[in-house]
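Trainee: coordinates only, no sequence provided:
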């Protein structure tokens, strides 16, 4: 009795300690998102808030895939007359929606919201774990709250895949910190089944693995102690790209073309153009003579993109960990280099939580809890009201 009870008590004690450590981050995240949802409820229009969150724009397509499977001919045409195909949406999120509807008496939109909300909590815990491991708990908590109070944080409460992707990305980066290469590779593989921006996670895992292997060769380190065997590093790096490469390869196979997935994406206007579309958009907004007055959404998106560029430069100056820099740079490159609609650029940056760390580190120096609470609370309120615009007034996909 004593022999088995001792280890169990130790495990239980560790779990309780970990829960106490992350509780402020989780509660802070729940608080700021509750503010956002409450503001939506107070300002809801003729369509109920939950209905809107579960069916808005891409949410409709995710639930369509979950309900009907992939379809290539849905009678809708996009850019240059290219027909829409639901294969543009990666499969893991719809599969989870279908799994929930299979075990619970909920509609597909309800299941989609349940998965997204649960994933957002897992993401918040992952963000805290990653940042607290590098800095401290205070910076970790502030980063999580900032993530929940982003201008486009309403996306985290929608039936979108950003929260699921962020959760997998954050815990993959955490696995790298713990030198658990296989876990990092598996989580990267899963992220590659959620969004094409998983290329950022793949790049972080593979580059970190390459650096570790080169370091070992140069130092001719023997594998001893807690150092992982070299084959674990190679296996983790090999697993990392299988999700995104496998799905894109599957679409190419179904379309009978090496560029099948790219062709499908062209209908949605989300191809990579090296930033030409972003440059034209900014020129039309601010630089061209006689630029028309801009909508609130366009101004906010432009400010968000510029802010993330500045934050990335600060991250470079602060010499943040290489996987963080690679992940953040790739997400930033995708957002800026995509030819997608202007409204989607800031949404693409939602998973780039590592770029919030310089701001969080700066705010952690504010010693007055009241002052810090006012700052973060104000950000949450502003995010909530902007969320009303995104959910009810915006004519474009957020």
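Mentor: Here it is on my side, so go on. All of these numbers come straight from a predicted model, not from anything done at the bench. Numbers count the residues shown, from 1 in each chain.
Trainee: ok, the residue nearest to residue 84 when sequence neighbours are not counted to residue 19 distance?
Mentor: Spatially, and ignoring its direct neighbours in sequence, residue 84 is nearest to residue 76 (4.4 Å; Cβ to Cβ, 6 or more residues apart in numbering). Just so you know, the C-beta spots here come from the backbone N, C-alpha and C atoms, and that holds for glycine as well. From residue 76 across to residue 19, the span is 47 Å (Cβ to Cβ, to the nearest Å).
Trainee: same for the strand or helix carrying residue 253, what does it pack against?
Mentor: Assigned by DSSP states H and E, residue 253 falls within helix 242-255. Contacts defined by 3 or more Cβ pairs under 8 Å, 6 or more residues apart in numbering; DSSP states H and E place helix 242-255 against helix 181-191, helix 260-267.
Trainee: gap between stretch 320-332 and the chain center?
Mentor: In terms of Cα atoms, centre = their mean, to the nearest Å, the centre of stretch 320-332 is set 13 Å apart from its chain centre.
Trainee: identify the residues contacting residue 126.
Mentor: Residues near residue 126 by Cβ atoms under 8 Å, 6 or more residues apart in numbering: 166, 167, 169, 170, 171, 173, 174.
Trainee: try residue 320
Mentor: 134, 354, 357.
Trainee: per-residue confidence for residue 12?
Mentor: Listed pLDDT for residue 12 reads 66.
Trainee: so what's residue 89 scoring on pLDDT?
Mentor: For residue 89, pLDDT reads 94.
Trainee: give me the phi and psi for it.
Mentor: Main-chain dihedrals, residue 89, degrees, to the nearest 10: phi -100, psi 120.
Trainee: check contacts around it.
Mentor: 58, 61, 62, 65, 161.
Trainee: still on that earlier bit, turn the contacts of residue 320 into CSV, columns for secondary structure.
Mentor: Shown next, in CSV, are these (DSSP: H, G, I helix; E, B strand; the rest coil):
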residue, secondary structure
134, helix
354, helix
357, helix
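Trainee: between the residues you listed, which sits nearest residue 114?
Mentor: Nearest to residue 114 among these is residue 354, at 27.2 Å by Cβ to Cβ.
Trainee: now that closest one. Nearest residue, chain neighbours left out?
Mentor: Excluding the flanking residues, the one nearest residue 354 by Cβ to Cβ, 6+ apart is residue 324, at 4.3 Å.
Trainee: could you point out which element follows the helix or strand bottoming out on mean pLDDT in the chain?
Mentor: Least confident helix or strand of the chain, by mean pLDDT, DSSP states H and E, is helix 276-282 with a mean of 62. Following helix 276-282 in sequence order, the next helix or strand is helix 296-317 (DSSP H and E).
Trainee: pLDDT of that following helix, averaged?
Mentor: On average, helix 296-317 scores 89.
Trainee: report how many residues lie close to residue 333.
Mentor: Residue 333 has 17 neighbours, counted by other Cβ atoms under 10 Å.
Trainee: quick check: which element contains it?
Mentor: Judged by DSSP H and E, residue 333 forms part of helix 322-337.
Trainee: which residues does stretch 101-110 contact?
Mentor: 50-51, 54-55, 59, 63, 66-67, 97-98, 100, 111, 114, 159.
Trainee: what comes up buried for the strand or helix carrying residue 95?
Mentor: Assessed by DSSP H and E, residue 95 sits inside helix 92-103. Under the neighbour-count criterion of 16 or more other Cβ atoms under 10 Å, helix 92-103 has 92, 93, 94, 96, 97, 98, 100, 101 buried.
Trainee: thought the second one was touching residue 191?
Mentor: No: counting by Cβ atoms under 8 Å, no contact exists between residue 93 and residue 191, whose distance comes to 11.2 Å.
Trainee: how about the helices in the stretch 1-150 of the chain?
Mentor: With DSSP state H, counting those that start in this stretch as the criterion, the stretch 1-150 of the chain has helices at 2-42, 49-55, 58-68, 92-103, 108-134, 137-148.
Trainee: quick one, which of these gets closest to residue 210.
Mentor: Taking Cβ to Cβ, helix 108-134 is the member of the helices of the stretch 1-150 of the chain nearest to residue 210, at 20.6 Å.
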